[in-house]
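Engineer: Attaching a predicted model along with its sequence, questions to come.
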Amino acid sequence: MFVFRGEMGSPVNVLVLNASYEPLHKVDVRHAVRMLVRGVAVVEEAVEGRRIGHFPLPRVLRLVRYVTMRWRYGRGPAWTKHGLRRRDGGRCGYCEAWADTVDHIVPRSRGGATSWENTVLACGPCNGRKGDRTPAEAGMRLLIVPRVPRWNELVG
């Protein structure tokens with residue numbers, strides 16, 4: 001299977017917008033071309049000078065018809081590690097260094113849930129220092145307020 005790669009060698013993802021121009025999700029180039037062939041989307045932004053058959057290589061597609069997203073308005077987004085990275089900007093919730101681990105504010109061993117309000121990113125040193133304690137017990141202060149992100153913060 002052929003995978004289209006961008007300038008840095010990573011796979012090219014195409015942003016899909018609703019007919020009202022609100023972001024929905026990202027798809028790979030193959031899926032984007034199928035959407036164009038079926039006529040369910042049009043190209044809003046394309047890569048200069050690159051084509052796939054009759055179509056320019058898309059960066060952004062817009063759906064021709066509006067799609068109602070009841071699932072989006074009924075409740076907030078489900079917790080994911082990727083979403084947590086997007087919400088926290090890849091920074092530690094305790095010292096703002098680059099972070100790659102998930103820290104439960106109330107540890108799971110004490111009944112803390114894996115939820116938006118109970119997790120932040122933590123760098124290795126801060127995660128080790130906090131250990132299996134609450135931030136107050138460890139003498140640490142959270143620099144961010146954990147919250148459920150909006151849908152548009154997770155699509156980008």
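Structural biologist: Happy to help now that I have it. Numbering: from 1, shown residues only.

Engineer: secondary structure class for the residue lying farthest from the centre of the chain?
Structural biologist: The outermost residue of the chain, judged by C-alpha distance from the chain's mean C-alpha position using C-alpha atoms, centre = their mean, is Glu137 at 31.6 Å. Classification of Glu137 using DSSP: H, G, I helix; E, B strand; the rest coil returns helix.

Engineer: One more: the one 4 residues further on?
Structural biologist: With three-state DSSP as the basis, Arg141 sits in coil.

Engineer: count of residues packed around it?
Structural biologist: Residues lying near Arg141 (other C-beta atoms under 10 Å) number 10. Bear in mind the C-beta positions are built from the backbone N, C-alpha and C, glycine included.

Engineer: Which residue lies closest in space to it, excluding its sequence neighbours?
Structural biologist: Distance criterion C-beta to C-beta, 6 or more residues apart in numbering; nearest residue to Arg141, sequence neighbours excluded, is Pro135 at 6.6 Å.

Engineer: still on that earlier bit, next, work out how far apart the residue farthest from the centre of the chain and Gly131 are.
Structural biologist: Distance, Glu137 to Gly131, by C-beta to C-beta, to the nearest Å: 9 Å.

Engineer: can you check Val47 too?
Structural biologist: Taken as C-beta to C-beta, the span from Val47 to Gly131 is 48 Å.

Engineer: Neighbour count for those two, which is higher?
Structural biologist: Of the pair Val47 and Gly131, Val47 is the one with more neighbours under other C-beta under 10 Å, namely 16 against 10.

Engineer: Give me the mean pLDDT for the helix ranked longest in the chain.
Structural biologist: Ordering each helix of the chain by length in residues (DSSP state H) puts helix 29-38 first. The average pLDDT for helix 29-38 rounds to 94.

Engineer: Would you mind putting the CA coordinates of the next helix-or-strand element following it into PDB?
Structural biologist: Beyond helix 29-38 on the C-terminal side, the first helix or strand identified by DSSP states H and E is strand 41-52. Taking C-alpha atoms only, strand 41-52 is exported to PDB below (Å, rounded to 0.1, in the frame of the first residue of the first chain):
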ATOM      1  CA  ALA A  41     -16.400  16.900  -0.300                       C
ATOM      2  CA  VAL A  42     -14.600  19.700  -2.100                       C
ATOM      3  CA  VAL A  43     -11.000  20.800  -1.800                       C
ATOM      4  CA  GLU A  44     -10.700  24.000   0.300                       C
ATOM      5  CA  GLU A  45      -6.900  24.000   0.500                       C
ATOM      6  CA  ALA A  46      -4.300  22.000  -1.600                       C
ATOM      7  CA  VAL A  47      -0.600  21.400  -1.800                       C
ATOM      8  CA  GLU A  48       0.900  23.600  -4.500                       C
ATOM      9  CA  GLY A  49       2.000  21.800  -7.600                       C
ATOM     10  CA  ARG A  50       1.000  18.200  -6.400                       C
ATOM     11  CA  ARG A  51      -1.900  16.300  -7.900                       C
ATOM     12  CA  ILE A  52      -3.500  12.900  -7.600                       C
END
